[in-house]
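J.: The following comprises the amino acid sequence and a computationally predicted model.
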Amino acid sequence: MINILLFADLAQQAKTERISIEVHSPLNVEEVRTLLQNEVGKLSGIENALLAVNEEYVELTDQVNDGDTVAFIPPVSGG
Amino acid sequence: MINILLFADLAQQAKTERISIEVHSPLNVEEVRTLLQNEVGKLSGIENALLAVNEEYVELTDQVNDGDTVAFIPPVSGG
Amino acid sequence: MKMFKITSEPINNQDVIDSVAHHNAGAISVFIGTVREMTGQKQTKFLHYEAYVPMAEKQLERIGTEIQEKWPSAITAITHRIGTLQISDIAVTIAVSTPHRHDAFEASRYAIERIKEIVPIWKKEHYTDGEEWIGNQKGTTTYPAGHPEGVVK
Amino acid sequence: MKMFKITSEPINNQDVIDSVAHHNAGAISVFIGTVREMTGQKQTKFLHYEAYVPMAEKQLERIGTEIQEKWPSAITAITHRIGTLQISDIAVTIAVSTPHRHDAFEASRYAIERIKEIVPIWKKEHYTDGEEWIGNQKGTTTYPAGHPEGVVK
């Protein structure tokens, strides 16, 4: 099971902030992104999202393990 | 009558913060400075003091009138 | 007080300032971001901020660490508010104390720029004529690698 | 509150900040000068500030005018304390609000540099091993004409 978090515009498009997907083999962040859009539909702008696993920024090619939390972080606008 | 104000190190040397001198003819700031030191003794560093007449900065050659307040302002150190 | 904090309560500037006070500080530079009414011709009615809270606090802490590496005597505190904010409300307060003023200015400026790059907080503008999630305020940056500079360990 | 003030009372930062708050401010840069204990090997016990009060307030106001000329949307407030100050006490608080952060940083920095040039306030350091009037902190400046740059009308 992988937990996925969505924020701001991405959450609005997906109509949810949080979704879990079952996985049966090791995969990377890019593959999670594909599975996610398989579930909730195409998310416009997700290719510009920053990527985090377990609250740390990662690369698209980094591995995701069972139980991890993957966050898709639209360009930030705090401050 | 011209009022003279001294501050910080200059006041400490002169042992006063304020002195008045009688004048009987028009004079400039430089001449006031001479008369002042005539009264209270040589003030070390007064040549580096900023000069103000009636709370506005002036030049050494500017005129001082009867009733004016002349301030000798050692290099400032606020902030 | 927590030095790096996301909160849904109004920010008390003095609390943030107090947490960086130090007997060898000669300067404290404070940056306060407030909700501005007009942006060009657009009029803001109110704002909504949302954050990935635990990660945002970690990233604020990272900014503090980066500042301490660049300006070793600096002490930093940052509080960012989330939720609904009205015009003139404080969105963020940053305080940095240093022995000398030059470093305090530089470091507090560094902090706000870095917040806008790496801290997962989003602003939704509610204008008089519609609403919009604000993204990528710098306008030009893209992240082909999936992350901003200097954040992957 | 008076926007440009010399006071012998402790400074309340928030009062200074409040006086520059504005619905079109997006940024407030605050500079707080505090009494530092160590300067090199010298240890300060306490400080004494003295001012030519009416002229100092006029010069603070002049700094506000200069800022408004350079950054037309800026609103500035400055309070400087005089009298005896202990370690960590606030000597000066400057607040500048502007629509955008860049200008707020620049203007508040301008204000503190200008205070050190033109405002008649003097600091006497009481060290553990003696006392000294501090003059000409920039060390290099002399005023052959009798005044700093840009102050004679």
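T.: Ah, there it is.
J.: Okay, buried residues for stretch A:17-24 please.
T.: For stretch A:17-24, burial by neighbour count (16 or more other C-beta atoms under 10 Å in any protein chain shown) applies to A:Val23. (Each C-beta comes from the backbone N, C-alpha and C, glycine too.)
J.: ditto for stretch A:34-51
T.: Buried residues in stretch A:34-51 (16+ other C-beta under 10 Å): A:Leu36, A:Leu43, A:Gly45, A:Ile46, A:Asn48, A:Ala49, A:Leu50, A:Leu51.
J.: That stretch vs chain C: in contact?
T.: Yes. Judged by C-beta under 8 Å from any C-beta of the partner chain, stretch A:34-51 and chain C are in contact via A:Gly45, A:Asn48, A:Ala49, A:Leu50, A:Leu51.
J.: Tell me the spacing between C:His26 and A:Asp66.
T.: Quick fix: residue C:26 is Gly, not His. C:Gly26 sits 53 Å away from A:Asp66, taking C-beta to C-beta, to the nearest Å as the criterion.
J.: you'd agree C:Ala111 is up against C:Thr76?
T.: Yes. Shown here, C:Ala111 and C:Thr76 form a contact pair, counting by C-beta atoms under 8 Å, at 6.4 Å.
J.: Now for those two: what residues contact both?
T.: In terms of C-beta atoms under 8 Å, 6 or more residues apart in numbering or on different chains, C:Ala111 and C:Thr76 are both contacted by the residues C:Ile63, C:Ile67, C:Ile94, C:Val96.
J.: Looking at C:Gly26 and A:Asp66, which one has more neighbours?
T.: C:Gly26 (22 against 10; other C-beta atoms under 10 Å in any protein chain shown).
J.: so who does that one touch?
T.: Contacts of C:Gly26 (C-beta under 8 Å, 6+ apart): C:Thr98, C:Pro99, C:His100, C:Arg101, D:Gly33, D:Thr34, D:Val35, D:Arg36.
J.: Buried members of these into PyMOL, please.
T.: Per 16+ other C-beta under 10 Å, the buried members of those correspond to this PyMOL selection:
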select buried, (chain C and resi 98+99+101) or (chain D and resi 33+34+35+36)
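J.: In helices, which of the contacts of C:Gly26 appear?
T.: C:Arg101 (DSSP state H).
J.: returning to that earlier point: among the shared contacts of C:Ala111 and C:Thr76, which one sits closest to C:Lys45?
T.: Each of the shared contacts of C:Ala111 and C:Thr76 was scored against C:Lys45 by C-beta to C-beta, and C:Ile94 proved nearest at 26.0 Å.
J.: anything in the helix or strand hosting the closest one near chain A?
T.: Assessed by DSSP states H and E, C:Ile94 sits inside strand C:90-98. Yes. Strand C:90-98 lies within reach of chain A by C-beta under 8 Å from any C-beta, at C:Ala91, C:Val92.
J.: Which strands or helices does that strand pack on?
T.: Other elements packing on strand C:90-98 under the criterion 3 or more C-beta pairs under 8 Å, 6 or more residues apart in numbering or on different chains; DSSP states H and E are helix C:13-18, strand C:27-34, strand C:75-81, helix C:101-118.
J.: pLDDT of that strand, averaged?
T.: Per-residue pLDDT over strand C:90-98 has a mean of 98.
J.: Stretch A:38-46 now?
T.: Stretch A:38-46 shows a mean pLDDT of 97.
J.: Skip ahead from the helix or strand harbouring A:Val32 and say which helix or strand is next.
T.: Assessed by DSSP H and E, A:Val32 sits inside helix A:29-40. Next helix or strand after helix A:29-40 toward the C-terminus (DSSP H and E): strand A:50-53.
J.: Give me the contact list for that following strand.
T.: A:29, A:57-60, A:62, A:64, A:68-76, C:52, C:55, C:120, C:143, C:146-148.
J.: one more time with 7 Å
T.: Here strand A:50-53 makes contact (C-beta atoms under 7 Å, 6 or more residues apart in numbering or on different chains) with A:29, A:57-58, A:60, A:62, A:64, A:68, A:70-73, C:55, C:143, C:146-148.
J.: just those residues: which has the poorest pLDDT?
T.: Ranking those by pLDDT puts C:Tyr143 at the bottom, with 66.
J.: sorry, back to before: which one among the residues of stretch A:34-51 next to chain C gets closest to A:Arg18?
T.: Nearest to A:Arg18 among the residues of stretch A:34-51 next to chain C, with distances taken as C-beta to C-beta, is A:Ala49, at 15.2 Å.
J.: A:Leu6 versus that closest one, what's the distance?
T.: A:Ala49 is 9 Å from A:Leu6, by C-beta to C-beta.
J.: Quick check: neighbours shared by the two?
T.: Shared contacts of A:Ala49 and A:Leu6, defined by C-beta under 7 Å, 6+ apart, comprise A:Phe72.
J.: these two touch, right, C:Gly33 and D:Ile28?
T.: No. Using C-beta atoms under 7 Å, C:Gly33 is not in contact with D:Ile28; the gap is 8.1 Å.
J.: residue contacts, C:Trp133?
T.: Contacts of C:Trp133 (C-beta under 7 Å, 6+ apart): A:Ala8, A:Asp9, C:Trp122, C:Lys124.
J.: From those residues, list the buried ones, please.
T.: A:Ala8, A:Asp9, C:Trp122, C:Lys124.
J.: pLDDT wise, what is the residue in chain A that chain B sits nearest to at?
T.: Of all residues in chain A, the one sitting closest to chain B is A:Gly79 (27.9 Å; C-beta to the nearest C-beta). pLDDT, A:Gly79: 94.
J.: burial count for the residue lying closest to C:His147 once chain neighbours are set aside?
T.: Take C:His147 and drop its neighbours on the chain: the residue closest to it by C-beta to C-beta, 6 or more residues apart in numbering or on different chains is A:Tyr57, 3.9 Å away. Using other C-beta under 10 Å, A:Tyr57 is surrounded by 25 other residues.
J.: Over to the one 4 residues further on?
T.: A:Thr61 has 12 neighbouring residues, counting by other C-beta under 10 Å.
J.: Tell me which residues touch it, please.
T.: A:Asn28, A:Glu30.
J.: Check the gap between it and chain D for me.
T.: Distance, A:Thr61 to chain D, by C-beta to the nearest C-beta, to the nearest Å: 36 Å.
J.: cool, and A:Glu47?
T.: 29 Å.
J.: what's the spacing between C:Glu69 and chain D?
T.: To chain D, C:Glu69 is 21 Å away according to C-beta to the nearest C-beta.
J.: tell me which element that residue falls in.
T.: If you go by DSSP H and E, C:Glu69 is part of helix C:53-70.
J.: touching chain A at all, that helix?
T.: Yes. Counting by C-beta under 7 Å from any C-beta of the partner chain, chain A is contacted by helix C:53-70 at C:Pro54, C:Met55, C:Lys58.
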